[in-house]
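Colleague: A structural model of the following input is requested.
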Amino acid sequence: MNKVEPIRDKSKIEEVKNELLKDNYRNYLLFVLGINTGLRIGDMLKLKVEDVRNKTHIILKEQKTGKSKKFFINSVLRNALDKYIANMADHEYLFQSRNGTNQSLSRSQSYRILNRAGEKVGLDSIGCHSTRKTFGYHHYKQHKDVALLQQLFNHSAPSVTLDYIGVNQDVMDNSMKNFSL
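Modeller: Numbering: from 1, shown residues only. Here you go, the predicted structure:
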């Protein structure tokens, strides 16, 4: 399995959004939810309309850790959600499969959707964790608070968080740019 990276360039984030919008709004929302909350793809795919309709937070039990988490729904995400769920029933999955039943989109299909959009805009190493890593990378760049991000991600140590979001690699690369003997 290839290691996926965060999308560091904000203009590329917009390009991915636009590419996904060309396909359908569900795929766009999958990306927007991920980059605005840092939720794992497995947790996003389990969400139902009732989990987000008229709510200020997404409250869930994380599949991987079993811990309860509460994620704030910012205004960008709120607008995207409201537009998407306007004609949906509360019991429906937020990210429904197109097979005609009330089933969630699969993780493998989610990967294909995100990876294809990334490739179309010239990004490689894009997959299901890219939305979470992109959230983390830009949250860290804006707030410079690794302890908060570590808590949001339920990571065991700050070094795990910095490695996960690719900051350690950026620091190492920058240290080598002007180094020579």
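Colleague: lowest-pLDDT helix or strand in this protein?
Modeller: Within the chain, no helix or strand scores below helix 167-177, which has a mean of 86 by mean pLDDT, DSSP states H and E.
Colleague: Which elements pack onto that helix?
Modeller: On a contact count with 3 or more Cβ pairs under 8 Å, 6 or more residues apart in numbering; DSSP states H and E, helix 167-177 meets helix 158-164. Glycine gets a C-beta too; all of them are placed from N, C-alpha and C.
Colleague: Please spell out which residues along the helix it packs on are buried.
Modeller: Of all the residues in helix 158-164, those buried under the rule 16 or more other Cβ atoms under 10 Å are 161-162, 164.
Colleague: and if you look at stretch 115-133?
Modeller: 115, 117-118, 121, 123, 126-133.
Colleague: returning to that earlier point: show residues contacting the least confident helix or strand of the chain.
Modeller: Helix 167-177 has contacts (Cβ atoms under 8 Å, 6 or more residues apart in numbering) with 8, 137, 140, 159, 162-163.
Colleague: Equivalent analysis for stretch 98-110, please.
Modeller: By Cβ under 8 Å, 6+ apart, the list of residues contacting stretch 98-110 from outside reads 26, 30, 41-42, 45-46, 91-93, 95-97, 128.
Colleague: Try it again at 7 Å.
Modeller: 30, 41-42, 45-46, 92-93, 95-97, 128 (Cβ atoms under 7 Å, 6 or more residues apart in numbering).
Colleague: repeat for stretch 44-57
Modeller: Residues contacting stretch 44-57 (Cβ under 7 Å, 6+ apart): 30, 33-34, 58, 63, 70-73, 81, 85, 88-95, 104-105, 107, 110.
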